[in-house]
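Enquirer: Sequence first, then the predicted structure, then my questions.
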2 protein chains.
Amino acid sequence: MREKLSENTEEKILEAAKEIFVREGKSGARMQEIADKAGINKSLLHYYYRSKEKLFYTVFKFVFSKFAHKIINLFDADKDIFEVIEQFIDNYIDLIRKNPFIPMFIINEINRKETSFVTEVIRETGINIDTYFEFIQRNIDLGKIKAVDPKQLIINILSLCIFPIISRPIVQIILYDDNKNAYDKFLDQRKKEVNEIIFTMIKPN
Amino acid sequence: MREKLSENTEEKILEAAKEIFVREGKSGARMQEIADKAGINKSLLHYYYRSKEKLFYTVFKFVFSKFAHKIINLFDADKDIFEVIEQFIDNYIDLIRKNPFIPMFIINEINRKETSFVTEVIRETGINIDTYFEFIQRNIDLGKIKAVDPKQLIINILSLCIFPIISRPIVQIILYDDNKNAYDKFLDQRKKEVNEIIFTMIKPN
DNA sequence: CGTAAATTTGACCATTCGGTTAAACTATTT
DNA sequence: AAATAGTTTAACCGAATGGTCAAATTTACG
């Protein structure tokens, strides 16, 4: 049995597939377009990933895993919760701003799949929400924050960070007459805004 | 010139197209599927709406207009702002819960279109954000609420209401082990949660 | 080098899909 | 009833698309 000669090609395919799938969605993506972007023949796609379905699954798992871990891992630390949240909001808004299509991509495709697919992906990527719950509970026990519902809290943070970016194409037009710079400023201000909201809601009386 | 005999068929097509487009997206939707759902021949689709593009445009405008007006019109009233917001949150969460695919549909398709398309739709549907701005400004002037940024405010409300529902398929699994009832309770509680957040942020000191 | 395995290509296939066309059918007007 | 305009259908078309296959090329190794 020979060694794998070009893990390079596989990389290039994945990179191209990621870009196309994320931008166009699964049904909108074309195998030919992915091949072109990877600079290879369409047959090669099927040589490495037997079908569009398989290729998509690989890409989805990769993208989802990366994003999910960026959320969960933060709360692993033993840092001050207010610092963690501030840092999270700052990093996450920037991250999504740089990859504005990814949240939509994830939500979108999960909507089209059965639960088993999602469960499988979550299991395989090994994300674990419990570290977050423990982190919050510890801080409640220590009296650092109010006894808030950790589930509502994480959804509040994610909502306030993600929604303004995924809805940007409409909101930028309606609120800012499609002025890109103005909306970028809006998003920068938003970091303070979200911070203030979350802090206000969790800080002890 | 003859009368239109069956505005019935046109209705049926629109209804079917709406359901399919919203669920499958523009590229995922099939003209044949729409025809089947409307109980007619595929050629009839092209008789009434010349192309998929035209049919989609009609559906999109219809759906977008309905949802946008539900947001804007509320703030037209001369009611107490706290009542308006409370009612809005309650209604809107229920509305989206009943039509969970619509926000994603709108955001999704707007992402794929050029600005001109969106501007056109907004112009044609005649939504006007100024009534909202005036409503907020009036309440600030009257000292009923703090001098908050109306843009941040509306985005906060929409984020907190919409995101938990569009991300439901993932979040329900991660937070509630895919227990539908549990997540429905979560969303009911959420009305209180969002209300409390918004009220806390705008009420005068 | 020679050969066998791994990689890459081009030609090709079956199916799907949006769209067209001509003919059939229905209702309305005269 | 005949003519006419509006409505519906079945058959068909060309392009696009996911996928296959056998041949060609490259690479690793004895």
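Expert: Good, I have the coordinates.

Enquirer: Break chain A into its domains for me.
Expert: Segmentation of chain A into domains, based on automatic domain parsing, reads A:1-50, A:63-202.

Enquirer: tell me which element the most centrally placed residue in chain A falls in.
Expert: With the centre of chain A defined as its mean C-alpha position, the nearest residue by Cα atoms, centre = their mean is A:F67, 3.7 Å away. Using DSSP states H and E, A:F67 sits within helix A:52-72.

Enquirer: and the helix or strand following that helix, which residues are buried?
Expert: Remark: after helix A:52-72, the chain's next helix or strand is helix A:81-98, criterion DSSP H and E. Taking 16 or more other Cβ atoms under 10 Å in any protein chain shown as the neighbour-count basis, helix A:81-98 is seen to contain the buried residues A:81-82, A:84-86, A:88-90, A:92-93, A:95-96. For every residue, glycine as well, the C-beta is placed using N, CA and C.

Enquirer: Now do A:P204: how many residues are near it, please.
Expert: 9 (other Cβ atoms under 10 Å in any protein chain shown).

Enquirer: Kindly apply the preceding question to A:E134 instead.
Expert: Burial measure for A:E134: 13 neighbouring residues, criterion other Cβ under 10 Å.

Enquirer: sorry, back to before: just the angle for the helix holding A:F67 relative to helix A:81-98, thanks.
Expert: Using axes from the mean of the first three to the mean of the last three Cα atoms, to 10 degrees, the inter-axis angle of helix A:52-72 relative to helix A:81-98 is 150 degrees.

Enquirer: what sits up against helix A:52-72?
Expert: Contacts of helix A:52-72 from elsewhere in the structure, counted by Cβ atoms under 8 Å, 6 or more residues apart in numbering or on different chains, are A:13-14, A:17-18, A:21-22, A:26, A:29, A:31, A:34, A:45, A:49, A:88, A:91-92, A:95, A:102-103, A:105-106, A:109, A:121-122, A:124-125, A:127-129, A:131-132, A:158.

Enquirer: and A:G39, backbone torsions?
Expert: Here is the backbone geometry of A:G39 (degrees, to the nearest 10): phi 70, psi 30.

Enquirer: and the domains of chain A as TSV, adding distance to B:L142 and mean pLDDT?
Expert: Listed next are these as TSV, based on distance: least, Cβ to Cβ, whole Å; pLDDT from 0 to 100:
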stretch	distance to B:L142	mean pLDDT
domain A:1-50	47	87
domain A:63-202	23	93
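
Enquirer: Highest mean neighbour count out of the ones you listed?
Expert: Across the domains of chain A, averaging neighbours per residue (mean count of other Cβ atoms under 10 Å in any protein chain shown) puts domain A:63-202 on top, at a mean of 17.

Enquirer: Is DNA strand C within reach of that one?
Expert: No: Domain A:63-202 lies apart from DNA strand C when judged by Cβ under 7 Å from any atom of the strand; the minimum separation is 14.1 Å.

Enquirer: chain center to that domain: distance?
Expert: A distance of 8 Å separates the C-alpha centroid of domain A:63-202 from that of its chain, computed with Cα atoms, centre = their mean, to the nearest Å.

Enquirer: circling back: which of the contacts of helix A:52-72 come close to DNA strand D?
Expert: Restricting those to those adjacent to DNA strand D (criterion: Cβ under 7 Å from any atom of the strand) gives A:29, A:31.

Enquirer: now, which of the contacts of helix A:52-72 lie within helices?
Expert: Using DSSP state H, the members of those that fall in helices are A:13-14, A:17-18, A:21-22, A:26, A:31, A:34, A:45, A:88, A:91-92, A:95, A:102-103, A:105-106, A:109, A:121-122, A:124-125, A:131-132, A:158.

Enquirer: Helix, strand or coil: sort out A:K144 for me.
Expert: coil (DSSP: H, G, I helix; E, B strand; the rest coil).

Enquirer: and it, how far is that from B:F199?
Expert: When distance is defined by Cβ to Cβ, to the nearest Å, A:K144 is 24 Å away from B:F199.

Enquirer: and if you look at A:F64?
Expert: 35 Å.

Enquirer: What of A:A17?
Expert: Look at A:A17 and B:F199: by Cβ to Cβ, they are 46 Å apart.

Enquirer: for A:R30, same thing?
Expert: Distance of A:R30 to B:F199, given as Cβ to Cβ: 49 Å.

Enquirer: Residues contacting stretch A:23-32, please?
Expert: Counting by Cβ under 8 Å, 6+ apart, residues outside stretch A:23-32 touching it are A:17, A:20-21, A:33, A:42, A:45, A:52, A:56, A:101, A:105, A:108-109, A:112, B:24-25, B:27-28, B:108, B:112.
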